[in-house]
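Undergrad: Take this sequence and fold it.
(4 chains)
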Number of protein chains: 2
Amino acid sequence: MPNSVVTPPPGAGINARRSAETRAALLDATVECLATDGYAKTTTGRIAERAGLSRGAQLPYFRSRRDLLAAAMAHLAEQRLADFTARIGGGEVSVADCVDILWASHQPPMFDATLELWVAARTDPELQGRMLEVEREVTTSLFQAVDTALGDLTQRPGFADDFVYVLASMRGLALLQISIGPNARLLETRWRHMRGELIRALEAPQV
Amino acid sequence: MPNSVVTPPPGAGINARRSAETRAALLDATVECLATDGYAKTTTGRIAERAGLSRGAQLPYFRSRRDLLAAAMAHLAEQRLADFTARIGGGEVSVADCVDILWASHQPPMFDATLELWVAARTDPELQGRMLEVEREVTTSLFQAVDTALGDLTQRPGFADDFVYVLASMRGLALLQISIGPNARLLETRWRHMRGELIRALEAPQV
DNA sequence: AACATAACATGCAGGGCTGCATTTTGTATG
DNA sequence: CATACAAAATGCAGCCCTGCATGTTATGTT
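TA: You can find the predicted model right below:
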């Protein structure tokens, strides 16, 4: 049973609760399916099967497959953010910790599912529109979280640019991960190297 | 009419020539289709249409859709390499030039098609096996080309790691490109920033 | 306890994709 | 010029996916 970010209404009508749970189950199943089967094989049937529902049950919630995927985009974004903020906690952290936590949120299965949606959105105008909104919000929230976690370091000129750079590099390494196969040791080596570079990039204003 | 790396036999039998051309046309059409329509919509019908052939004509060349995609993987890899070596020429170049040329080979439509195949291979064991081979060869050849282009700089300890780091970062930025939409100016800004970091990473052994 | 409503399951029609068998066209050889 | 062969086009059967209309079960109300 996957973890859901959506908190159903407390004691309000049991029906409403069931609805919320079912909806969340569908979204979770979609994310799982994306991560394990990929976008092309993320079909309404498989989603329903994973969610433990029949195929027709998703119509009241999502009119079409694309609607479901678009909703899963936002759902996944919430999960990414929640995961990050949960790891980073409330207080201040070091730059190294921040980088490590960011990297933790670029691991399978969440990153894989996100990647599938990014790539799918590239050639699907509707999904792309939704993605632009979602990504903008996520980036903003992420930046705010980092801002409070790192303190005044984020005030130095050019920090925002450096942060985007760090994000991009991480995504690249996560992408590389799928093209070097299941070689965990090699990936760890690569990450150790990149980690040093990224920490330096965030700390040093500029040489 | 797309450019093909495959050079058909010179004056040998016209049939053989036609075969080679048709095969190349199919592969080129597949790559185009991947870049514009995405993996899911890269269907045998669309490929045939783009190649100016009928659907059944691809059977003598590729037994199945997956065979065609696997072949397109290698085809695309050759194109990527050819593009890079053509740009970098024979003589030596500066680190900045090398970085710029590498970045040029991470642009649409070639990068988009490659990305589609990478992501598809993640959830398709057969494609993944093929991809591991292809990527290993590409990386090796790419490294050799850079080695001759940059001269003795590549001999310093840790250069290989730095080079992989540069590749990963670029892929990340190219990936970011599809999630910030068609905002060319913003991307240019991001690239300017990353470019400086990457050049520094390649030049400076370590701080 | 009977009714009304919401949630879910079942079944069907339409369409697209794949893979192949078959036919037609074009090319080489005696 | 006629025949043998290769290449490409056409047509078909099977499968899966989607969207929806209809039926069934569970829940809440009076």
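Undergrad: Can you give the contact residues for the helix or strand of chain A with the lowest mean pLDDT?
TA: In chain A, no helix or strand scores lower on mean pLDDT, DSSP states H and E than helix A:14-37, which sits at a mean of 90. With Cβ atoms under 8 Å, 6 or more residues apart in numbering or on different chains as the test, helix A:14-37 has contacts from A:2-4, A:6, A:8-9, A:41-42, A:46-48, A:50-53, A:57-58, A:61-62, A:68-69, A:71-72, A:75-76, A:79, A:108-110, A:112-113, A:116-117, B:123. All C-beta spots, glycine's among them, are computed from the backbone N, C-alpha and C.
Undergrad: what residues are up against the most centrally placed residue in chain A?
TA: In chain A, the residue lying closest to the centroid (Cα atoms, centre = their mean) is residue A:80, at 3.7 Å. Going by Cβ under 8 Å, 6+ apart, residue A:80 touches A:105, A:110, A:114, A:138.
Undergrad: Tell me which entries of those residues lie within helices.
TA: A:110, A:114, A:138 (DSSP state H).
Undergrad: out of these, who's near DNA strand C?
TA: For DNA strand C, no contacts are drawn from the ones in helices among the contacts of residue A:80 by Cβ under 7 Å from any atom of the strand.
Undergrad: Closest to residue B:100 out of the residues you listed?
TA: For these, the residue nearest residue B:100 by Cβ to Cβ is residue A:114; the value is 29.3 Å.
Undergrad: pLDDT score for the closest one?
TA: Residue A:114 carries a pLDDT value of 98.
Undergrad: isn't it right next to residue A:76, touching?
TA: Yes - between residue A:114 and residue A:76 there is a contact under Cβ atoms under 8 Å: 5.9 Å.
Undergrad: Is DNA strand D within reach of stretch A:72-82?
TA: No - using Cβ under 7 Å from any atom of the strand, stretch A:72-82 stays clear of DNA strand D, coming no nearer than 12.9 Å.
Undergrad: how far does that stretch sit from the chain's center?
TA: 6 Å (Cα atoms, centre = their mean, to the nearest Å).
Undergrad: now the helices: where do they sit in chain A?
TA: Going by DSSP H, chain A shows helices at A:14-37, A:44-51, A:65-88, A:95-104, A:110-122, A:125-150, A:159-177, A:184-203.
Undergrad: helices or strands next to the longest one in the packing?
TA: Identification of packing neighbours for helix A:125-150 by 3 or more Cβ pairs under 8 Å, 6 or more residues apart in numbering or on different chains; DSSP states H and E yields helix A:65-88, helix A:95-104, helix A:110-122, helix A:159-177.
Undergrad: what about the second one, near chain B?
TA: No - counting by Cβ under 8 Å from any Cβ of the partner chain, chain B is not contacted by helix A:95-104; separation bottoms out at 12.4 Å.
Undergrad: tell me what that helix is packed against?
TA: Short answer (3+ Cβ pairs under 8 Å, 6+ apart): helix A:95-104 packs on helix A:65-88, helix A:125-150, helix A:159-177, helix A:184-203.
Undergrad: and among the ones you listed, the most buried is which?
TA: Of all those, helix A:159-177 has the most neighbours on average by mean count of other Cβ atoms under 10 Å in any protein chain shown, namely a mean of 22.
Undergrad: Let's test this: mean pLDDT of that helix, rounded?
TA: 96.
Undergrad: could you give the angle of it to helix B:159-177?
TA: 110 degrees (axes from the mean of the first three to the mean of the last three Cα atoms, to 10 degrees).
Undergrad: other SSEs contacting helix A:159-177?
TA: helix A:95-104, helix A:110-122, helix A:125-150, helix A:184-203, helix B:159-177, helix B:184-203.
Undergrad: Please save the CA atoms from it in CSV.
TA: C-alpha atoms of helix A:159-177 as CSV (Å, rounded to 0.1, in the frame of the first residue of the first chain):
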residue,chain,number,x,y,z
PHE,A,159,23.0,31.7,-5.7
ALA,A,160,19.8,31.0,-7.6
ASP,A,161,21.7,30.3,-10.8
ASP,A,162,24.0,28.0,-8.9
PHE,A,163,21.1,26.2,-7.4
VAL,A,164,19.5,25.6,-10.8
TYR,A,165,22.9,24.4,-12.0
VAL,A,166,23.0,21.9,-9.2
LEU,A,167,19.5,20.7,-9.9
ALA,A,168,20.3,20.2,-13.6
SER,A,169,23.5,18.3,-12.9
MET,A,170,21.7,16.0,-10.5
ARG,A,171,19.1,15.2,-13.1
GLY,A,172,21.8,14.4,-15.6
LEU,A,173,23.4,12.0,-13.2
ALA,A,174,20.1,10.4,-12.4
LEU,A,175,19.6,10.1,-16.2
LEU,A,176,23.0,8.6,-16.6
GLN,A,177,22.0,6.1,-14.0
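Undergrad: Would you pull up the residue in chain A closest to DNA strand C?
TA: Among all residues of chain A, residue A:56 sits closest to DNA strand C, at 2.4 Å; criterion: Cβ to the nearest atom of the strand.
Undergrad: What is the burial count for that residue?
TA: For residue A:56, the count of nearby residues is 9 (other Cβ atoms under 10 Å in any protein chain shown).
Undergrad: And the one 5 residues further on, by the same measure?
TA: Residue A:61: 14 surrounding residues under other Cβ under 10 Å.
Undergrad: Excluding sequence neighbours, find me the nearest residue to it.
TA: What sits nearest to residue A:61 in space, not counting adjacent residues and going by Cβ to Cβ, 6 or more residues apart in numbering or on different chains, is residue A:23, at 5.1 Å.
Undergrad: same question, residue A:91
TA: Residue A:91 sits nearest to residue A:149 (Cβ to Cβ, 6+ apart), 7.9 Å away.
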